[in-house]
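Colleague: prediction below, plus the sequence it came from.
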Number of protein chains: 2
Amino acid sequence: MKKLTTLAVFLLLCTVTFAQQAIWGGQSPTSPEIHDDNTVTFRLRAPKAVKVQLVGDFLSTRKVSPNGKADIDIPIIVDLKEGNDGVWEYTTDIPLKPELYSYSFLVDGLKMTDPSNVYLIRDVSSLTNVFIIGGERADLYKVNKVSHGTVSSRWYYSPSLKIDRRMTVYTPAGYENNGKKYPVLYLLHGMGGDEEAWISLGRTAQILDNLIAEGKAKPMIVVMPNGNVSQEAAPGESSLGLVAPNSQLPRTMEGSMEESFPDIVKFVDSNYRTIKSKSGRAIAGLSMGGFHAMHISKQYPDWFDYVGLFSAAIRPRDGVTSLVYDNQEGKLKVQFDKHPKLYWIAIGKSDFLYKLNEDYRKLLDEKGYPYTYYETDEGHIWKNWRIYLSEFVPQLFK
Amino acid sequence: MKKLTTLAVFLLLCTVTFAQQAIWGGQSPTSPEIHDDNTVTFRLRAPKAVKVQLVGDFLSTRKVSPNGKADIDIPIIVDLKEGNDGVWEYTTDIPLKPELYSYSFLVDGLKMTDPSNVYLIRDVSSLTNVFIIGGERADLYKVNKVSHGTVSSRWYYSPSLKIDRRMTVYTPAGYENNGKKYPVLYLLHGMGGDEEAWISLGRTAQILDNLIAEGKAKPMIVVMPNGNVSQEAAPGESSLGLVAPNSQLPRTMEGSMEESFPDIVKFVDSNYRTIKSKSGRAIAGLSMGGFHAMHISKQYPDWFDYVGLFSAAIRPRDGVTSLVYDNQEGKLKVQFDKHPKLYWIAIGKSDFLYKLNEDYRKLLDEKGYPYTYYETDEGHIWKNWRIYLSEFVPQLFK
């Protein structure tokens, strides 16, 4: 066994940066530790720290009014207690409900990730640790012992935008071998997001794998394009290099995404075995992606039988002029005269876009355009978008 | 513009954990900042810290002897200086050479990632920030304005191991549309690694995209399987859930990987347009993966015309019995009697496996088996494995 031990030790040392930790640092404590009753303990070894705190989306919230404007919910910050060996610890008061949660530590005010937990998700320019409490709907977010689809990062040329662009494509288990044609869900991210957002924060591959395996959703292709027309690809994946993500990109929500969307559909229809008709296409998105889904679906009224608006931004920005946003009522009439099979609107009660969605529903009601409405607690958060995806997908292509 | 501003602000707040930072935290300083002369400044806002330090694989090293055993190179740790507003700063003394580098901060002894830099790579259970100094060979590690291949996470069933397993597959630009058959490089990771290691730490997609675009490498498929037979997939991607990575996995280097390797080749040959012959197949790996490449290529002497041993572990562990490791000299004779086109051995001068590789080269010399040898500075590190990949690939399938 000596050789293995030597090899293993040296492999641990092989990237010099880590060698420090492996030889001289203490062992990382277990964190987070999910107990049988679903309470969770967080631990951080920080012997020299004066104060260690935890922020996380499972902690209770309080209302604040930044800049004196609308109320928003901010989670309380809890203090960890220092125990033996400089390990700070906090255990939740109550069991956590099934969900994918995120958290960070604050060490003397400095936000840091948990060095014991390698699972991080990037949301725009913030990285936070994540963990999953299983059970109920959250079991859809886990990798289970079911057949798994393929997730690909695929580049395509956009003739309208004249650049190579990157998309993420989920093809269901069996796609490569059975010769069948599949329906396609186009799934769009929000502002600051990119073609990686739905697959990482949204757990799209897990939700689809699990719903399909349970027979609750039809096998389908899910195409997750990049909705920022000025971007080739997600931060770090384009020729811009490893630059800081920028949530204020040019040419956002001014019509170009909608106008260039046929490039994406044409590429997908010519590169995958798709059902090339309205009954085989769905489009949905969150926030800015919901805005895109709404405007694209009425701009191309023969293309999508299933439309999902998740916490959608509804109205174009003031001052934006684009043919895409002209004559909304006329285009909606054309779209609904063609009887889409599902027009699904979902939003959280405390979403800052609630009122705009309410106004939009009133407009649809006045016109007698049928839609399905799904309302949840809370607001403009990924927890809700995972719920909406897992509610929307089973209704498609039936 | 008001609506956009409101939307943008709220989107920044949308994941509550980050809201803390966005509203009350200061802006992150720019870090790392790569200056025109390739010196680099690192910054961290930590007003309450007593000491802030930097560890990184670009810093000079000193020799240490852990446990009184062999010397290894450990980078020195440098101190940052506190400036205005609690921002600590360090600028490298000298310009850095072109390379992909990694680093972490130590805040009062606590290792943390740089909150200004979202680019992290996981190596086994350590996450460190990365940045690239462009130029020379390091331009191969960048995403450039060239045609890009597709990177897929693909699951397959292993009849030998009786589990579903995950591999990463790179298919070159154009693969999906041209109907051509392609050669395949099987590229194997080291101990503690998984099917994600070569694509993230190894920059395989970038290296292949760039070498193919420059006409320096033939377009090829690169298959990066998981070399730990007890694992379905990388940490976080299997039904084990989001558990801590384990670098000491069962059934490692005991013959099962080599014995079950035909499952992988059969899957690839029946799922991709491959050249299904020895002249269309290469196999290479780093460390444990080099060990696998050596033993697999002699176990199946008609399969691979190109073999690459990168810092390879050569000898089986003491006490391991497997038919795979029996009769090494006899099997090598069979392999070399069939004249593989390239048998390529690469290692760094200070690699702890240098002597074992030297002994192995002596054996090959004694037998008169032709091989090509490539030696670099430094040791058992990813910097070398990226170099070896970019040297090896242009020699394949000519």
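Modeller: Okay, I see it.
Colleague: please enumerate the strands of the stretch 101-250 of chain A.
Modeller: For the stretch 101-250 of chain A, the strands defined by DSSP state E, counting those that start in this stretch cover A:110-112, A:120-123, A:126-133, A:150-158, A:163-171, A:184-188, A:221-224.
Colleague: go through those strands and pick out the most buried.
Modeller: Mean neighbour count (mean count of other C-beta atoms under 10 Å in any protein chain shown) peaks for strand A:184-188 among the strands of the stretch 101-250 of chain A, with a mean of 28. Using the backbone N, CA and C atoms, a C-beta is placed for each residue, glycine as well.
Colleague: quick check: angle from it to strand A:163-171?
Modeller: 120 degrees (axes from the mean of the first three to the mean of the last three C-alpha atoms, to 10 degrees).
Colleague: who are the packing partners of strand A:184-188?
Modeller: strand A:221-224, helix A:256-271, strand A:281-286, helix A:288-299 (3 or more C-beta pairs under 8 Å, 6 or more residues apart in numbering or on different chains; DSSP states H and E).
Colleague: what's the angle from that strand to strand A:281-286?
Modeller: Using the same axes, to 10 degrees: strand A:184-188 against strand A:281-286 is 20 degrees.
Colleague: out of the helices and strands packed on strand A:184-188, nearest to chain B?
Modeller: Closest to chain B of the helices and strands packed on strand A:184-188 is helix A:256-271 (C-beta to the nearest C-beta; 5.7 Å).
Colleague: got any ranges where chain A has weak pLDDT?
Modeller: Chain A contains residues with pLDDT under 70 at A:1-27, A:66, A:68-72.
Colleague: which one of the strands of the stretch 101-250 of chain A lies nearest to B:Y101?
Modeller: Closest to B:Y101 of the strands of the stretch 101-250 of chain A, according to C-beta to C-beta: strand A:126-133, at 18.8 Å.
Colleague: counting by contacts, list what the closest one packs against.
Modeller: Strand A:126-133 packs on strand A:99-107, strand A:120-123, helix B:16-23, going by 3+ C-beta pairs under 8 Å, 6+ apart.
Colleague: before we move on, the earlier item: turn the helices and strands packed on strand A:184-188 into TSV, columns for distance to chain B.
Modeller: Output for these, formatted as TSV (distance: least, C-beta to the nearest C-beta, whole Å):
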stretch	distance to chain B
strand A:221-224	13
helix A:256-271	6
strand A:281-286	10
helix A:288-299	8
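Colleague: for those, state which one has the densest average packing.
Modeller: Mean neighbour counts for the helices and strands packed on strand A:184-188 (mean count of other C-beta under 10 Å) peak at strand A:281-286, with a mean of 30.
Colleague: run the chain-centre distance for that strand.
Modeller: 13 Å (C-alpha atoms, centre = their mean, to the nearest Å).
Colleague: same deal with stretch A:100-118?
Modeller: 20 Å.
Colleague: and if you look at stretch A:219-237?
Modeller: So, by C-alpha atoms, centre = their mean, the centroid of stretch A:219-237 is 12 Å from its chain's centroid.
Colleague: export that stretch to CSV, keeping only CA atoms.
Modeller: Extracted in CSV, the C-alpha atoms of stretch A:219-237 (Å, rounded to 0.1, in the frame of the first residue of the first chain):
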residue,chain,number,x,y,z
PRO,A,219,-39.5,13.5,-23.5
MET,A,220,-38.5,16.8,-25.1
ILE,A,221,-35.5,18.8,-26.1
VAL,A,222,-34.8,21.9,-24.1
VAL,A,223,-32.9,24.7,-25.8
MET,A,224,-31.4,27.4,-23.5
PRO,A,225,-30.0,30.2,-25.7
ASN,A,226,-28.2,33.3,-24.5
GLY,A,227,-30.7,36.1,-24.4
ASN,A,228,-28.1,38.9,-24.5
VAL,A,229,-27.6,39.7,-28.1
SER,A,230,-24.3,41.6,-27.5
GLN,A,231,-22.8,38.4,-25.9
GLU,A,232,-21.3,35.5,-27.7
ALA,A,233,-21.5,33.4,-24.6
ALA,A,234,-21.6,33.3,-20.8
PRO,A,235,-18.9,35.1,-18.9
GLY,A,236,-15.6,33.3,-19.2
GLU,A,237,-16.8,31.3,-22.2
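Colleague: give me the buried positions along it.
Modeller: When burial is assessed from 16 or more other C-beta atoms under 10 Å in any protein chain shown, stretch A:219-237 yields the following buried residues: A:219-229, A:231-237.
Colleague: so what's A:A173 up against?
Modeller: A:146-149, A:209, A:212, A:219, B:155 (C-beta atoms under 8 Å, 6 or more residues apart in numbering or on different chains).
Colleague: at 7 Å instead, please
Modeller: Counting by C-beta atoms under 7 Å, 6 or more residues apart in numbering or on different chains, A:A173 touches A:147-149.
Colleague: which of those residues count as buried?
Modeller: Using 16+ other C-beta under 10 Å, the buried members of those are A:148-149.
Colleague: so which of the contacts of A:A173 comes closest to chain B?
Modeller: A:H148 (4.2 Å).
Colleague: which residues touch that closest one?
Modeller: By C-beta under 7 Å, 6+ apart, A:H148 lies in contact with A:173, A:209, B:155, B:164.
Colleague: if we go to 8 Å?
Modeller: A:173, A:205, A:209, B:155, B:164, B:166.
Colleague: what's the most distant pair in these?
Modeller: So, the contacts of A:H148 by C-beta to C-beta: farthest apart are A:A205 and B:D164, at 14.0 Å.
Colleague: and which of the contacts of A:A173 is nearest B:G255?
Modeller: A:H148 (27.2 Å).
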